[in-house]
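>>> Build the 3D model from these lines:
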Amino acid sequence: MADLVLRRMLLGFMRLHVLYHADKEPTCGTELMHELREHGYDVGPGTLYPMLRELLEAGHLACEARTVAGKRRKNYRATAGGRRLLAAAREKLTELVDEIVHDRDAMKMRRGRGENAGRAKGGRKKSRRES
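Numbering: from 1, shown residues only. This next block holds a predicted model:
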C-alpha cells in the first residue's frame, strides 16, 4: 500500500517535470523519458505516453508532429493553461519544500503567532457569546 501511495506522489512529480521542460522548449517523449530517468524515476513508455495524452487532453500541452531523420517525432510544448498550472504548482511546491526540506513548520509558526486564536473547536470563528 505504501508503494502505491509513493507511486502516486511520484507520478505527480513527473507531471511537473514534463510541464516544466515542455515550457522551456518543445521536447519529445524520448527526451522526457531520458530526463525523468536522470532524476531517478522508473518510467517507461507505458507510463509516460498516457501521461502526455492526459496533459494534451486537459489542454496543458500542445503537440506538433514532424519527421526528423526519417522518423516521426512528436514535440510537446506547454500551452498557456499548462504554464498557469505550472505556476500554481510551483507556488505550492515552494511552500512544501520550505516545510519538508527546510523544516519550516508553517502550522507551528501560525500557532505561535496566535492565528488560531479566536477560533472554536473545528476551526470555525467563535461567536460573540463564545468569546
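
>>> check contacts around the residue most central in space within the chain.
Geometric centre of the chain, nearest residue: residue 16, 3.9 Å, by C-alpha atoms, centre = their mean. Residues near residue 16 by C-beta atoms under 8 Å, 6 or more residues apart in numbering: 86, 89, 93. C-beta here means a position set from N, CA and C on the backbone, and glycine is covered the same way.

>>> out of those, which is most surrounded?
residue 86 (20 neighbours; other C-beta atoms under 10 Å).

>>> For that residue, give its distance to residue 20.
6 Å (C-beta to C-beta, to the nearest Å).

>>> what number of residues lie near residue 21?
18.

>>> average model confidence for the helix or strand where it lies?
Assigned by DSSP states H and E, residue 21 belongs to helix 2-24. Across helix 2-24, pLDDT averages out at 93.

>>> mind listing what's buried in that helix?
Residues of helix 2-24 classed as buried: 10, 14, 15, 17, 18, 19, 21, 22, 23 (neighbour count, 16 or more other C-beta atoms under 10 Å).

>>> residue contacts, the fifth one?
Just to be clear, that refers to residue 18. With C-beta under 8 Å, 6+ apart, residue 18 has these contacts: 32, 36, 48, 51, 52, 55, 61, 76.

>>> do the third one as well
Applying C-beta under 8 Å, 6+ apart, we find residue 15 in contact with 51, 55.

>>> roughly how far apart are it and residue 54?
Where residue 54 is concerned, residue 15 sits at a distance of 8 Å (C-beta to C-beta).

>>> picking that back up, from the buried residues of helix 2-24, which is closest to residue 44?
Residue 44 has its nearest neighbour among the buried residues of helix 2-24 in residue 14, at 11.7 Å by C-beta to C-beta.

>>> which residues touch the closest one?
Applying C-beta under 8 Å, 6+ apart to residue 14 gives the contacts 36, 41, 43, 47, 48, 51.
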